[in-house]
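Peer 1: show me the folded form of this:
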Amino acid sequence: MAIDQILFIDAAVSPASRTRRLAQALLSTLSGVVTTRHLEELSLKSLDFAAISKRMQDIERQDYQDYSLAKEFADADVIVLCVPFYDCSFPSLLKVYLENIYVMGLVTSFSPEGRPIGLCKAKKLYYVSTSGGPFDPRYGYDYWKTLCQDYFGIQEVELISVEMIDVFPDKAERILLDKIHEITHR
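Peer 2: Numbers count the residues shown, from 1 in each chain. Next comes the predicted model:
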C-alpha cells in the first residue's frame, strides 16, 4: 500500500498562530509523509511581466524544471492549507503561492472546448482557518474550493474553522481546544 504524500502549506506568519495549532492537530490524525512549506520562508515573488512571459515560454516547451512547487502541489495525495482569516480574506502570501503553482501542464490544462481539466492527484484538500471575528467562507474558503474542484481536479475539499476567538478573549483558548478535541477524536 502506498504511503500518502501530505503537503502542509502554512500561510500563518505568527509564531504563536492559532491556525497553525489547529492545522497541526489535523495533521496528527492523518497518516503519511508530511512535507511542510512555510510560505513566509519561501521568498516567493508575485509574478511580473517577465516571470509570466518566461512561464508561458516554458509551458510551450514543456520545460517544468523551474516549477518544483507546482509539481509538489500536483503530486500531493492530501493537501492541508493553514490559512488565518484576517483583513477579510486569506493572507496575500497564499495568493502569491497560488500564482507560483498555477502552471498549465502541471496543475491544470484545458480541453479543446476551453474547459479546465484538473491534473492534481490529491484526493482531498483541507482548508484550516481561524478568525478573531465572524468567519465568512466566501472570502477565502469558497474561492479555494472552486479552484480545487473546477481547475485542479481535487473534488473533496473540507473546511475546518474556528471563529470569534478575539471577540471572546476570555474563552479563546477553550474555543480552540474544543475544536482541536473535535478534530483529534473524530
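Peer 1: next, the distance between the ends of stretch 58-78.
Peer 2: 27 Å (CA to CA, to the nearest Å).
Peer 1: now that stretch: mean pLDDT?
Peer 2: For stretch 58-78, the mean per-residue pLDDT is 97.
Peer 1: pull out the buried positions in that stretch.
Peer 2: 58-59, 64, 67, 69-70, 72-78 (16 or more other CB atoms under 10 Å). The way it works is simple: take the backbone N, C-alpha and C, and place the C-beta from them, glycine included.
Peer 1: the closest residue to residue 17 other than its chain neighbours: neighbour count?
Peer 2: Closest residue in space to residue 17, ignoring its immediate chain neighbours: residue 84 at 6.5 Å, by CB to CB, 6 or more residues apart in numbering. Applying other CB atoms under 10 Å, we find 24 residues neighbouring residue 84.
Peer 1: how close does residue 84 get to residue 11?
Peer 2: Look at residue 84 and residue 11: by CB to CB, to the nearest Å, they are 7 Å apart.
Peer 1: mind listing the shared neighbours of those two?
Peer 2: 90-91 (CB atoms under 8 Å, 6 or more residues apart in numbering).
Peer 1: just the buried residues of stretch 58-78: which are in helices?
Peer 2: 58-59, 69-70, 72-75 (DSSP state H).
Peer 1: which residues in the chain form strands?
Peer 2: Counting by DSSP state E, residue ranges of the strands within the chain are 5-10, 33-38, 78-82, 108-110, 116-118, 124-130, 156-162.
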